[in-house]
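**Q** My questions are about this predicted structure, shown below with the sequence.
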Amino acid sequence: MYPIILLAIVVFASMLHIFIAKPGRDNRKVVEIFLLYFLVIFIGVSGILGFVGHAFMPDRIARAIGWPAGSPFQFEIAVADLAFGVLGIMCLWMRGAFWTAAGVGSSIFFLGAAYGHAKYMLVYKDFATYNAGPVLYIGDTLVPLIVIALVIAYNVME
């Protein structure tokens, strides 16, 4: 459910920013605004939330993914989530190539997670809440594809 909420926040905040800033026909500015909100909110905030869940509630999160409690992967995923979360938040202050690196790096991580989730659905019939549904379709697939498209557009429009 949280990917739907974060996506709604990103779209609403971006649209509000565009409405207030009135960039007119400056398409690059519109792309920049959407990319900023995806990086800060979906990558940054989501990463920090993922860190908190995997680091401080590992057994609960493991069960929600369909994995046994006590899995050692939890801390490694927590640290990866924290790293991408910090990069996403840093996009508030850093621009240019930093956005490209944060967007591409986090998208590779998310798309890799999508592959893992899909594999577990197909091979192990794991349709647990955090393995299938919005986490897979929105958080691990749709958003990284949008971020990659925005990064490309942002860099091409320079």
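**A** It's in. Residues are numbered from 1 along each chain as shown.
**Q** Name the single longest helix found in the protein.
**A** Using DSSP state H to assign secondary structure, the helix with the most residues in the chain is helix 97-124.
**Q** distance between that one and the chain's centre?
**A** Computed by CA atoms, centre = their mean, to the nearest Å, the chain-centroid distance of helix 97-124 equals 9 Å.
**Q** on contacts alone, who are the packing partners of the host helix or strand of A153?
**A** Assigned by DSSP states H and E, A153 belongs to helix 143-156. Of the remaining helices and strands, those touching helix 143-156 by 3 or more CB pairs under 8 Å, 6 or more residues apart in numbering; DSSP states H and E are helix 27-37, helix 97-124. From N, CA and C alone the C-beta is placed, and that goes for glycine too.
**Q** Which strands or helices does the first one pack on?
**A** With contacts defined as 3+ CB pairs under 8 Å, 6+ apart, the secondary structure elements packing on helix 27-37 are helix 2-21, helix 97-124, helix 143-156.
**Q** So for the helix or strand following that helix, what gets flagged as buried?
**A** On the C-terminal side of helix 27-37, the closest following helix or strand by DSSP H and E is helix 46-56. Residues 46-48, 50-51, 53-55 are the ones in helix 46-56 that count as buried (16 or more other CB atoms under 10 Å).
**Q** quick one, helix 46-56 and helix 97-124 angle?
**A** Angle of helix 46-56 versus helix 97-124, following axes from the mean of the first three to the mean of the last three CA atoms, to 10 degrees, is 50 degrees.
**Q** What lies in contact with helix 46-56?
**A** Around helix 46-56, the neighbours that count as contacts under CB atoms under 8 Å, 6 or more residues apart in numbering are 2-3, 6, 60-61, 74-75, 77-79, 81-89, 106, 139.
**Q** rewinding a little: single out the most deeply packed of the helices and strands packed on helix 143-156.
**A** When neighbours are counted by mean count of other CB atoms under 10 Å, the highest per-stretch mean among the helices and strands packed on helix 143-156 falls to helix 27-37, a mean of 19.
**Q** now it against helix 2-21, angle please.
**A** On the basis of the same axes, to 10 degrees, helix 27-37 is oriented at 140 degrees to helix 2-21.
**Q** And the spatially most central residue of the chain, how far from V156?
**A** Closest to where the C-alpha atoms of the chain average out (CA atoms, centre = their mean) is I43, at 3.9 Å. I43 sits at a distance of 21 Å from V156 (criterion: CB to CB, to the nearest Å).
**Q** What of G105?
**A** Taking CB to CB as the measure, G105 falls 19 Å from V156.
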